[in-house]
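Engineer: predicted model and sequence below, questions to follow.
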Amino acid sequence: MSKPTGQVHEVEHHAADRATTRPVVSGTQGVVSAGHPLVSMAGMRMLLSGGNAFDAAAAAGFAAAVVEPTASYTLCGECVALIHDARTRETLALSGQGTAPALATVDLFRGRKLDRIPTGPGANAHLSFTVPGAVDAYLTLLETHGTKSVSEVLAPAVHYAEHGFPMYEYMHGLLAIPETRSQFDIYPPGGTAVFYPGGRVPEVGELFVQPALGGTLRRLIEADTKSRGHRTAGIAAARERFYRGDLAATIGAFSERVGGLLRASDLAGYRARLEAPLRTTFAGREILGQSAWTQGPVLMQALGMLATFDLRALGHNSARYIHVVAEALKLAFADRERYYGDRDDALASIGDLLAPAYLKERAALIRSDRAAGEAPAPGDPRRRGGAGRTTSATADARTTGVSAAAADGTTHIAAIDRDGSMICLTPSGGVFRKSAFAPELGCTLSTRSEMFVLEDDHPNGLVPGKRPRTTLVSYLICEGGVPTMTVGCPGGDDQSQADLQLVLNLLVFGMNPQQAVEAPRFSTQTLVNSFYPRVYRPGQLNVESGIPDRTRAELRALGHEVTEIGACGIGAVVTRRDPQTGVLSAGADPRRPTYALAW
């Protein structure tokens, strides 16, 4: 029923039906779009010097850890990605999601009278430390698909750390949040000396340097240069130093000193993974994403339900359109809470949740005249007529508490090179006000373990060495069986919701990449938030300022509790390669300093 618009096309903003604040950025040799212009330039430097999209993404990922430390991202964090290698025609999901430490067990937390894994703000942040996964993901990306050395891809990041970059408004504003500095004080000395020199937030435009972080990165370069072999020997040496050498020892010692459960031995056993992506079809295209160890299938389930509606006839961002999309998301999130997790049976059975017959039954539960005031029950795809159950997935959820993960969001990186190889990557972890800052490293540690549940029989139950069901996702869209578009948007539980709207903007409403990322967004909060303390806000529908008052009134009449917030997902990126002409294009979200470059 959801009708595609035919060939997706690019139109400059001044000639488009939907005006945008920025033009589509286009070229033929390469495109990079990331959360800050300097991060995009780090990636572009790799393309300009003969590297490919994977070199660009690795360089941008390391640079973002320096330039975007307030974007809920740290060098000792995690990432997920989708990669398409045009040379081999291979498409894979990359998991740089870290795992739970060996000491992190359900019994340990129960013994401390905790029913959830806590994190900051507060003095329990160390209990959710997670094995750093991003560094090995970047090294694995270089090793398997890149062409550059560790030293080459680290050069921009080291320069930004050691020589500094101008403080920018978005970072300045996040540093001004009182909880950031107070969290540093809980784990002294924290990052106060670095981020509040002279006891103040650096002024916009002031040169900002991070010598300790630069030192950590330089140790990886030292490992590379001392290997004196093929570039893969340098990659192996950098991995050895970070995960089994002095850097691993420093990370483990810091965790132990502040009472954390993470140890150097946990890093020694970690490796990033390359996996087959999950696939579904919508509007004549194939959509690829990560499997149920992430929230990635939420978008795919929602698309399967929305395929039964004529979305174009409803009208983009009309009250009826927003209502139907939000109700489909509620149903998908109910299944997420019950079925998703990094467990073999959950990963093996995710196809049942994407079966068209099951999703058609789930879609039939959507009422056109009334919003669901509570989270719907999860379905049972293996039982005939099992689209609805009687037990809610939110029985133990809290309706109070603060979970601000989506308020700032992490960051996103996408790159396409001249050959058509492409990658979309979402890194995250180590939010200042939720973690502990290690001065000897120059960064925080990830607290992603907060996303586990303390239930023995749950797919997302805590087990040492297991990946938490991460909110991090990214997607590829295929035309004629070949990936041509990347889609990604930071924002916690809003990620899959914003990405869904980006996909619909592109495929149903024919928007170009910049129009797709700039269009006003919305997000349901009728779900159990993935972040501690796992807040549940039944009936709440967040909307951005661009959703008109009349539309909001119509949504309230349908039973939605409409709340305006600054952004429903922030930092969206869409890139595309025209399969006929090879022209590359990108859109970058003006809600923050996201920026696209092309040549």
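Structural biologist: Looks like it came in fine. Numbering: from 1, shown residues only.
Engineer: show me where the stretch 51-200 of the chain has strands.
Structural biologist: For the stretch 51-200 of the chain, the strands defined by DSSP state E, counting those that start in this stretch occupy 78-85, 90-96, 165-166.
Engineer: low-confidence stretches in the chain?
Structural biologist: By pLDDT under 70, the low-scoring segments of the chain are 1-17, 384-408.
Engineer: spatially central residue for it, please.
Structural biologist: Among the residues of the chain, residue 472 comes closest to the average C-alpha position under Cα atoms, centre = their mean, at 3.3 Å.
Engineer: verify the contact between that residue and residue 412 for me.
Structural biologist: No - assessed by Cβ atoms under 8 Å, residue 472 is found out of contact with residue 412, at 9.5 Å. The way it works is simple: take the backbone N, C-alpha and C, and place the C-beta from them, glycine included.
Engineer: which neighbours do those two share?
Structural biologist: The contact sets of residue 472 and residue 412 overlap at residue 426 (Cβ atoms under 8 Å, 6 or more residues apart in numbering).
Engineer: returning to what we had before: got phi/psi on the residue nearest to the centre of the chain?
Structural biologist: Main-chain torsions, residue 472, degrees, to the nearest 10: phi -70, psi 130.
Engineer: gap between it and residue 128?
Structural biologist: As judged by Cβ to Cβ, to the nearest Å, residue 472 and residue 128 stand 16 Å apart.
Engineer: distance of the residue of the chain most remote from its centre from residue 366?
Structural biologist: The centre of the chain is farthest from one residue, residue 228, which by Cα atoms, centre = their mean lies 35.7 Å away. As judged by Cβ to Cβ, residue 228 and residue 366 stand 62 Å apart.
Engineer: what of residue 59?
Structural biologist: From residue 59 across to residue 366, the span is 44 Å (Cβ to Cβ).
Engineer: and if you look at residue 489?
Structural biologist: The gap separating residue 489 from residue 366 is 24 Å, by Cβ to Cβ.
Engineer: try residue 518
Structural biologist: Residue 518 is 28 Å from residue 366, by Cβ to Cβ.
Engineer: and if you look at residue 123?
Structural biologist: Separation of residue 123 from residue 366 (Cβ to Cβ): 44 Å.
Engineer: with residue 579 instead?
Structural biologist: 34 Å.
Engineer: those two - which one has more neighbours?
Structural biologist: Each of residue 579 and residue 366 has its neighbours counted (other Cβ atoms under 10 Å); residue 366 has more, 22 against 16.
Engineer: that one should be in a helix, yeah?
Structural biologist: No - counting by DSSP: H, G, I helix; E, B strand; the rest coil, residue 366 falls outside a helix, being coil.
Engineer: so what's it closest to, chain neighbours aside?
Structural biologist: Of all residues not flanking residue 366 in the chain, residue 327 sits nearest, at 4.4 Å (Cβ to Cβ, 6 or more residues apart in numbering).
Engineer: so what's the one you found up against?
Structural biologist: 366-367, 371-372.
Engineer: which residues of the stretch 201-350 of the chain fall in strands?
Structural biologist: 207-208, 273-275, 278-282, 285-289.
Engineer: could you look over the ones you listed and pick the most buried one?
Structural biologist: Of all the strands of the stretch 201-350 of the chain, strand 285-289 has the most neighbours on average by mean count of other Cβ atoms under 10 Å, namely a mean of 22.
Engineer: just the angle between that one and strand 90-96, please?
Structural biologist: Using axes from the mean of the first three to the mean of the last three Cα atoms, to 10 degrees, the inter-axis angle of strand 285-289 relative to strand 90-96 is 30 degrees.
Engineer: show me what strand 285-289 is packed against.
Structural biologist: Using 3 or more Cβ pairs under 8 Å, 6 or more residues apart in numbering; DSSP states H and E as the contact test, the elements touching strand 285-289 are strand 90-96, strand 278-282, helix 297-306, strand 475-479.
Engineer: so how far is that strand from its chain's centroid?
Structural biologist: In terms of Cα atoms, centre = their mean, to the nearest Å, the centre of strand 285-289 is found 17 Å from the chain centre.
Engineer: and stretch 264-276, by the same measure?
Structural biologist: Distance, centroid of stretch 264-276 to centroid of chain: 19 Å (Cα atoms, centre = their mean).
Engineer: list of residues touching that stretch?
Structural biologist: 92-96, 98-99, 101-102, 131-133, 136-137, 139-140, 144, 242-244, 248-249, 251-253, 291, 465.
Engineer: and the end-to-end length of that stretch?
Structural biologist: Counting by Cα to Cα, to the nearest Å, you get 30 Å between the two ends of stretch 264-276.
Engineer: so what touches stretch 452-464?
Structural biologist: Contacts to stretch 452-464, defined as Cβ under 8 Å, 6+ apart, come from residues 99-106, 109-110, 114-117, 292, 339-343, 345-346, 449, 451, 466, 468-469.
Engineer: put the alpha carbons of it into CSV.
Structural biologist: What follows is stretch 452-464, C-alpha atoms only, in CSV (Å, rounded to 0.1, in the frame of the first residue of the first chain):
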residue,chain,number,x,y,z
PHE,A,452,21.0,-5.0,30.3
VAL,A,453,18.1,-6.3,32.4
LEU,A,454,18.7,-8.2,35.6
GLU,A,455,16.5,-11.2,34.5
ASP,A,456,18.0,-14.6,34.1
ASP,A,457,15.7,-15.8,31.3
HIS,A,458,15.4,-12.6,29.3
PRO,A,459,17.2,-12.3,25.9
ASN,A,460,18.8,-9.1,27.1
GLY,A,461,19.6,-10.5,30.5
LEU,A,462,23.1,-9.7,31.9
VAL,A,463,25.8,-12.3,31.2
PRO,A,464,29.5,-11.6,31.3
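Engineer: quick check: buried residues in that stretch?
Structural biologist: Buried residues in stretch 452-464, counted by 16 or more other Cβ atoms under 10 Å: 452-454, 458-463.
Engineer: stretch 172-185 too?
Structural biologist: For stretch 172-185, by 16+ other Cβ under 10 Å, it's 172, 174-175, 177, 179-181, 183-184.
Engineer: need the max-distance pair from those residues.
Structural biologist: Across the buried residues of stretch 172-185, the longest distance by Cβ to Cβ is 17.6 Å; it joins 172 and 183.
Engineer: so which residues of the stretch 451-599 of the chain form helices?
Structural biologist: 494-507, 513-518, 549-557 (DSSP state H, counting those that start in this stretch).
Engineer: what does the stretch 201-350 of the chain give?
Structural biologist: Ranges of helices in the stretch 201-350 of the chain, per DSSP H, counting those that start in this stretch, are 211-227, 231-243, 246-257, 264-268, 297-306, 311-314, 319-339, 344-348, 350-353.
Engineer: what helices or strands is the fifth one leaning on?
Structural biologist: Here helix 297-306 touches strand 278-282, strand 285-289, helix 319-339, helix 350-353, helix 356-363, helix 494-507, going by 3+ Cβ pairs under 8 Å, 6+ apart.
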